[in-house]
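Asker: model this:
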Amino acid sequence: MTRTVTGIGVLTLVVVLGAGGAATARAQSDWASEGPIVHGHHHFNITDRAAQERFWGDALGGTRTTFAGSEIFKFLNALVFLTEQAPSGGTIGSIINHVGFWVPDASATLTGLRDAGYPLITERELPDADVQDGVYCPVGGTYCLGYVLGPDDIKVEIMGNRTQSMPIQHHHIHFNTPDVDSLRAWYVEMFDAVPGMNGNFKVADLPGVNLRFSETAQNAGTRGRSLDHIGFEVDNLEALCRRLEAKGVVFDRPYARSEELDIGYAFLTDPDGTYIELTEGLDAY
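Answerer: This next block holds a predicted model:
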């Protein structure tokens, strides 16, 4: 029997598992990068599961798999979870404006998305750029990019990376914040992200994800929006939680374990309102 996930995050998956619902034989997944703290997942609130499954699976090419009886999608360096709960708004207007993926040919991917009926919003998002048919190719550059709006107003950036062989992989999370330096420093301090620059963007890197920051007015927190929370997979999560508490972090949900799923988890919120789930063991799926 297929179970519907009715809450948000790994914690709620414990509730919907019956006695025989836990995974028994699992192989190490190939979705995650190496490191003590790596990018793990995105968790979306949705109104139409079939529409979202077409977007993440058929249109973007995520690999369909089952977690705790519910269908999720695997990309290199990211899992996508879907919860059937009407969001309070899309990604635009929240602290996380969009998430980004690399593809070998951005122009071809964006054209395919447009032909499948998904609106390309590149010209609106880059009003001063020379956008052609929803695609921006910088003069003299070696790549193209564009933005697509998925169901429930989920904004996704598609970036070209001609050196990659896989059809699609996760690349970045883009934060809109009134204080770039402060928010970036928080991710560096709490998660050992490596600060740097990517073009004009101040960024911080963790295995599997580039965290990008733009200066804007204050935006809404993510909790309850279409992108409800982001997730990081952690080695020795309980010890990390103790270190974060010693640094003054107050957890929304403190460290706990699901024995049924063999996963540790905790929830916290960054200073600008990004809801974050930390997991240990999710990379086994």
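Asker: tell me which residue is most central in this structure.
Answerer: Residue closest to the mean C-alpha point of the chain, counted by CA atoms, centre = their mean, is His42 at 3.4 Å.
Asker: where does it land on pLDDT?
Answerer: Listed pLDDT for His42 reads 98.
Asker: who does it form a beta bridge with?
Answerer: For His42, the beta-bridge partners under DSSP bridges are Val80, Ile230.
Asker: was I right to think it contacts Ala78?
Answerer: Yes - between His42 and Ala78 there is a contact at 6.2 Å, judged by CB atoms under 8 Å. Backbone N, C-alpha and C define where each C-beta goes, glycine included.
Asker: quickly list what's touching both of those two.
Answerer: Val99 (CB atoms under 8 Å, 6 or more residues apart in numbering).
Asker: quick one: mean pLDDT for the helix or strand hosting Trp102?
Answerer: Assigned by DSSP states H and E, Trp102 belongs to strand 96-103. For strand 96-103, mean pLDDT is 98.
Asker: in the following helix or strand past it, what counts as buried?
Answerer: Remark: after strand 96-103, the chain's next helix or strand is helix 106-115, criterion DSSP H and E. Judged by neighbour count using 16 or more other CB atoms under 10 Å, the buried positions of helix 106-115 are Ala106, Ser107, Thr109, Leu110, Thr111, Gly112, Leu113, Arg114.
Asker: start and end of stretch 98-110, how far apart?
Answerer: Chord length of stretch 98-110, first to last residue, is 16 Å (CA to CA, to the nearest Å).
Asker: what are the contacting residues of it?
Answerer: So stretch 98-110 is contacted by 42, 60, 75, 78, 91-92, 120, 122, 134-135, 137, 143-148, 155-162, 164-165, 167-174, 210, 212, 227 (CB under 8 Å, 6+ apart).
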